[in-house]
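> need a structure here:
(chains A and B)
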Amino acid sequence: MQQDSRSNRTKYWKVFLTFARNSLVRDMTFRTNFMLQCISSIGWTMMNVGFYLIIFQYTKSIGADSGWDRDKFFLFIATTWFINSLVQAFFMPNAEEFSELIRTGGLDFALLKPIDTQFLVSFRRVDWSALSNFAAGFIIALIALYSLANRQVDPMVPSVLSILLYIVFLACGVVIMYSLMICLSATSIWLGRNQTLYNFWFYITNFSRYPMEIYNRGWGRPLYGFFTFIIPVLLVVNIPARILARPISPQTWEDQLLVGWGLIATLLSLLISRWVFKRALLSYRSASS
Amino acid sequence: MRFLPIVTQIFLWYAIFDSIEASQGGKIQDTEIRGFHFTDIVAYYLLTMVARAFSSMPGLASGIAREIRDGEIKRYLIQPIDLISFLLLTRIAHKLAYYAIAILPFALVFFLCRNYFTAGWPPWPVLAAFAGSLIMGFLIGFFLEAAIGMIGFWFLEVSSLLFVYMLFSFFLSGHMFPLTMLPDHVATFVNFLPFKYLAYFPAAIFLGKIPEEDLPLELAIEACWLTFFIVVCRYAYARGVRRYSGFGG
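Here you go, the predicted structure:
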């Protein structure tokens, strides 16, 4: 049994590598297009960085006493960029294709294959050009870390432990986003075609782009609660960014509670999305003749 | 749902004003960035929504480019229909039909947010200028995008070019933030570009950020840009049709 599951895992890994390679081959067939895509997504990054630089001309931090000053906020941005680029590279093209598969009835072929359907539909395409934003995020993070370590007022160098935790929770963030995306695209089975999927995704993930403290006031509280506990998109970027941007040792128990909830939320959202996906498949009716 | 992105922006700006206020002392009502109070920022975002409702042209340029690529554009060459006027009329009809319905949620949101418009209704010449700038914004948006679509006569694939244009128009039209917040030397340069008419300009008129005596001149400059884009679009179409050879049956 043990042997079996291990060989299964290597098989899935091999299949995934094949998918990745095929996509790379496809991307490289239209090399100019690939380069243009990379350049335009980096252009998008530059514009955002420009926007935040403009903001920090007028203010020292985002929110009073929240501790998100310029360097730390740019660490936050870099985290957003890491997660978004991973999601866009691995899951976004598949989610788009998935609703097409349902509409055209092409899902039949996916169901027939002797492989887990969720695995098949969520890893088939890899958009390599989206990874250019990962590189851009890396550069932003390096610059922010450098300036954080060398500045006059309370300089800070993150410890090895916090970097390790950062990577772990970055992965958790990606998993939460993936689960959310699977849930959203599974709804297209019920709705036949879900054109607003993309908009919906955009609107929801929009909330994850800023430090969560800014929602925690007045009439933002319901939103804060909703996007922390029901649809945990606020955790996605905030937890890893906090781990990296704040020293670990003097932590309030609220921070630790949040980190714990982050782990639970990751697990829960993965399980729920799996359940939703299976339920949705049950109501799939083929579309072709 | 369209207002949700604004909600996050508003929280972001509130946090920004909050921290400026905390570091400088004083009340949040008195804090301002380049003449924009917090309430102005909220009003600004709402007004840019209106401006974008007029000036955004989803799928126009890519549609033209696709018709060129697929050879569907032939039908405008044989039928006695002018492509550009046909598209323009379609757009107007579409916008009218869509916003005849969408005006309800717009009105509701504006009513709920009426306290953010601290100055109340502007005087009627300003309102007239606002209306004029909206209509011209619609036309500039149309002819600018149509002209970009005409590039399809020369390059078959324009999607990446379009993306670059969208990037610029998003950033430089003032959709993201009021353009006056740009550093001075950049702001003067951006002021010469036509992008600001797509979002920033109408909102700035409504909020009285443009002095009333400058309005006629500014509107005249906008009209010049509009003429420029009409000419470019027409010229590109005429040249493009001559270059065009129909593929496919």
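> Where does the prediction get shaky in the stretch 51-200 of chain A?
A:63-66, A:192-196 (pLDDT under 70).
> And the helices in it?
Using DSSP state H, counting those that start in this stretch, the helices of the stretch 51-200 of chain A run over A:70-90, A:92-104, A:107-112, A:117-123, A:131-150, A:160-191, A:197-206.
> So what touches the second one?
When contacts are taken as C-beta atoms under 8 Å, 6 or more residues apart in numbering or on different chains, the neighbours of helix A:92-104 outside the stretch itself are A:106-107, A:110, A:121-127, A:130, A:181-182, A:184-185, A:188-189, A:192-194, A:197-198, A:201, A:284, A:287-288. (Glycine included, C-beta is placed from N, CA and C.)
> what's the answer for the last one, then?
Under the criterion C-beta under 8 Å, 6+ apart, residues A:84, A:95-96, A:99, A:177, A:180-181, A:184-185, A:187-188, A:227, A:231, A:233, B:1, B:4-5, B:8 lie in contact with helix A:197-206.
> In the lowest-mean-pLDDT helix or strand in chain B, which residues are buried?
Here the helix or strand of chain B ranked lowest by mean pLDDT, DSSP states H and E is helix B:4-24, holding a mean of 78. Using 16 or more other C-beta atoms under 10 Å in any protein chain shown as the test for burial, helix B:4-24 gives B:4-22.
> Tell me how far the closest residue to A:Gly137 other than its chain neighbours lies from A:Val237.
Leaving aside its chain neighbours, A:Gly137 sits nearest to A:Trp81 (3.1 Å; criterion: C-beta to C-beta, 6 or more residues apart in numbering or on different chains). A:Trp81 is 10 Å from A:Val237, where distance means C-beta to C-beta, to the nearest Å.
> same question, B:Cys113
Counting by C-beta to C-beta, the gap from B:Cys113 to A:Val237 is 28 Å.
> Now do the strand or helix carrying B:Met49 against helix B:4-24: the angle between them, please.
For B:Met49, the element it lies in under DSSP states H and E is helix B:38-55. Calculated by axes from the mean of the first three to the mean of the last three C-alpha atoms, to 10 degrees, helix B:38-55 forms an angle of 150 degrees with helix B:4-24.
> how about helix B:38-55, does it get close to chain A?
No: counting by C-beta under 8 Å from any C-beta of the partner chain, chain A has no neighbours in helix B:38-55; the shortest distance is 11.6 Å.
> doesn't B:Leu144 make contact with B:Leu226?
No: B:Leu226 lies out of contact with B:Leu144 (C-beta atoms under 8 Å); the separation is 9.4 Å.
> Those two: which has the busier surroundings?
B:Leu144 (26 against 20; other C-beta atoms under 10 Å in any protein chain shown).
> Contacts only, for that one.
B:Pro194, B:Phe229.
> any idea of the mean pLDDT in the helix or strand that contains it?
Taking DSSP H and E as the definition, one finds B:Leu144 inside helix B:124-150. Taken as a whole, helix B:124-150 has an average pLDDT of 90.
> which one of B:Cys113 and A:Val237 has more residues nearby?
Between B:Cys113 and A:Val237, counted using other C-beta under 10 Å, the more crowded position is A:Val237 (29 against 17).
> got the residues of chain B near chain A?
B:1, B:4-5, B:7-8, B:11-12, B:14-16, B:18-23, B:33-34, B:157, B:160, B:163-164, B:167, B:170-171, B:176-177, B:181-183.
> can you do 7 Å?
B:1, B:4-5, B:8, B:11-12, B:14-16, B:18-20, B:22-23, B:33, B:160, B:163-164, B:167, B:171, B:176-177, B:181-182 (C-beta under 7 Å from any C-beta of the partner chain).
> Can you list the buried residues in stretch A:240-248?
In stretch A:240-248, residues buried by neighbour count (16+ other C-beta under 10 Å) are A:Pro240, A:Ala241, A:Arg242, A:Ile243, A:Leu244, A:Ala245, A:Arg246.
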